[in-house]
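Participant: below: sequence and its predicted model.
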Amino acid sequence: MSLKIGVPSKGRLMEKTFDWFGARGVTMQRTGAEREYSGAVEGIEGVELVMLSAGEIPRELAAGRIHLGVTGSDLVRDKLADWNKQVAELAPLGFGHADLILAVPACWIDVDTLDDLDGAAAAFRARHGFRLRIATKYHRLVRDFLTENGIADYQLVDSQGATEGTVKNLTAEAIADITSTGETLRANHLKILNDAVIHRSQATLFLARKADWGTAEQATLAALAARLGISAPQVSG
Ligand SMILES: Nc1ncnc2c1ncn2[C@@H]1O[C@H](COP(=O)(O)OP(=O)(O)OP(=O)(O)O)[C@@H](O)[C@H]1O
Ligand SMILES: O=P(O)(O)OC[C@H]1O[C@H](OP(=O)(O)OP(=O)(O)O)[C@H](O)[C@@H]1O
């Protein structure tokens, strides 16, 4: 049996993941035809590469179908209930940085904080007869954050992409999405609330607690962790 490691199958996260491991003597590369999602690992015995969408890696870890996985810390927290019971964070990788934030129209000059949003949400409901809509794909993280901050007068509307456009399109009043340069927010006339950074995300190496950790996989994990210069938690078969 080999230790399966899931990595993003395309884009910046894939390239930077390959670079991160390569710099530590573990060479990852895509194999096969240009569009074929298969890969190989060299430099360490017993490791199998599984190319996956970054968004699917949390679920594959939770199901134990892969032993290790690289994906954004935001995706693990959002997609898995009690994420730290299902996976362990082995190492932040120092790339793929993005902040999950709450933003409102820049023209809402009296709304700069969560407290302001709470007031605006109550006023909005009184005026319109329905709750202020926040568009996001990060349902669990946003709901938990708003609950922790005592904000209840809102509804989440699902947006799987182009979330900043929902305000202009009149399908939401506010948004919760990731930002890195801030350009998409500025271009869509939105501003971040001062105290509403919900999560600072980066690409992270995770371990699946419930994967099949036989003697061989445990030995491979120890060798890999030593090569990567990280400490691995005790796992049991
Ligand atoms: N500027 C950015 N835009 C989008 N994602 C970013 C950005 N910076 C970092 N990330 C991170 O990249 C991850 C998302 O990667 P990606 O878009 O490949 O995921 P995916 O859900 O698998 O995509 P797709 O649905 O297109 O296959 C998240 O963890 C996110 O925080
Ligand atoms: O702060 P910025 O540098 O402008 O980046 C943030 C944008 O990038 C992501 O979108 P992506 O391009 O992945 O498309 P999406 O809308 O389909 O998620 C994210 O959802 C924001 O819209």
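Facilitator: Yep, it's here. Numbering: from 1, shown residues only. Ligands and ions are numbered 1, 2, ... in the order given.
Participant: would you map the strands across this structure?
Facilitator: 3-8, 27-31, 38-42, 47-52, 68-72, 87-92, 98-105, 132-136, 154-158, 174-179, 190-201, 203-208 (DSSP state E).
Participant: does Ala223 touch Gly43 like I think?
Facilitator: No. With contact defined as C-beta atoms under 8 Å, Ala223 and Gly43 do not form a contacting pair (10.6 Å). No exception for glycine: its C-beta is placed from N, CA and C like everyone else's.
Participant: can you give the domain ranges for the chain?
Facilitator: Using automatic domain parsing, the domain parsing of the chain gives 3-97+203-228, 98-201.
Participant: columns distance to ligand 1, mean neighbour count and mean pLDDT on top of the ones you listed, output as JSON lines?
Facilitator: Formatted as JSON lines, the domains of the chain follow (distance: least, C-beta to the nearest ligand atom, whole Å; neighbours: other C-beta atoms under 10 Å; pLDDT from 0 to 100):
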{"stretch": "domain 3-97+203-228", "distance to ligand 1": "2", "mean neighbour count": "18", "mean pLDDT": "95"}
{"stretch": "domain 98-201", "distance to ligand 1": "4", "mean neighbour count": "17", "mean pLDDT": "98"}
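Participant: distance of the residue of the chain positioned farthest from its centre relative to Glu173?
Facilitator: Taking C-alpha atoms, centre = their mean, the residue of the chain most remote from its mean C-alpha position is Arg127, at 35.6 Å. Remark: distance between Arg127 and Glu173 (C-beta to C-beta, to the nearest Å) = 11 Å.
Participant: circling back to that earlier point, will you turn the domains of the chain into TSV that also has distance to ligand 2?
Facilitator: TSV is the format used below for these (distance: least, C-beta to the nearest ligand atom, whole Å):
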stretch	distance to ligand 2
domain 3-97+203-228	9
domain 98-201	3
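Participant: now those as JSON lines including distance to Ser236?
Facilitator: As requested, the domains of the chain are exported to JSON lines (distance: least, C-beta to C-beta, whole Å):
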{"stretch": "domain 3-97+203-228", "distance to Ser236": "6"}
{"stretch": "domain 98-201", "distance to Ser236": "28"}
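Participant: relative to Val235, which of those domains is closest?
Facilitator: domain 3-97+203-228 (4.1 Å; C-beta to C-beta).
Participant: for that closest one, measure first residue to last.
Facilitator: 15 Å (C-alpha to C-alpha, to the nearest Å).
Participant: equivalent analysis for stretch 22-34, please.
Facilitator: This stretch, stretch 22-34, spans 20 Å end to end (C-alpha to C-alpha).
Participant: what does that stretch rub up against?
Facilitator: Residues outside stretch 22-34 that contact it (C-beta atoms under 8 Å, 6 or more residues apart in numbering): 7, 17-18, 21, 36-44, 47, 49, 51, 224, 227-229.
Participant: if we go to 7 Å?
Facilitator: The contact list for stretch 22-34 (C-beta atoms under 7 Å, 6 or more residues apart in numbering) reads 7, 18, 21, 38-44, 49, 51, 227-229.
Participant: what do you get for stretch 148-168?
Facilitator: Under C-beta under 7 Å, 6+ apart, the answer for stretch 148-168 is 105, 114, 117-118, 121-122, 125, 131-137, 139, 142-143, 146, 171-173, 175, 177, 184-185, 188, 190.
Participant: likewise for stretch 36-47?
Facilitator: For stretch 36-47, the external contacting residues (C-beta under 7 Å, 6+ apart) are 2-3, 5, 9, 25-32, 49, 51, 216, 220, 223-224, 227.
Participant: at 8 Å instead, please
Facilitator: 2-5, 7, 9, 25-32, 48-52, 216-217, 219-220, 223-224, 227.
Participant: can I get it in PDB? Just the C-alpha atoms.
Facilitator: Coordinates of each C-alpha in stretch 36-47 appear next as PDB, following Å, rounded to 0.1, in the frame of the first residue of the first chain:
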ATOM      1  CA  GLU A  36      -4.800  14.000 -18.200                       C
ATOM      2  CA  TYR A  37      -5.000  14.300 -14.400                       C
ATOM      3  CA  SER A  38      -2.300  11.900 -13.400                       C
ATOM      4  CA  GLY A  39       1.000  12.500 -11.700                       C
ATOM      5  CA  ALA A  40       4.100  11.000 -10.200                       C
ATOM      6  CA  VAL A  41       6.400  11.500  -7.200                       C
ATOM      7  CA  GLU A  42      10.100  11.000  -7.200                       C
ATOM      8  CA  GLY A  43      12.700  11.300  -4.500                       C
ATOM      9  CA  ILE A  44      10.800   9.200  -1.900                       C
ATOM     10  CA  GLU A  45       9.400   5.700  -2.000                       C
ATOM     11  CA  GLY A  46       5.800   4.700  -1.500                       C
ATOM     12  CA  VAL A  47       4.100   8.000  -2.200                       C
END
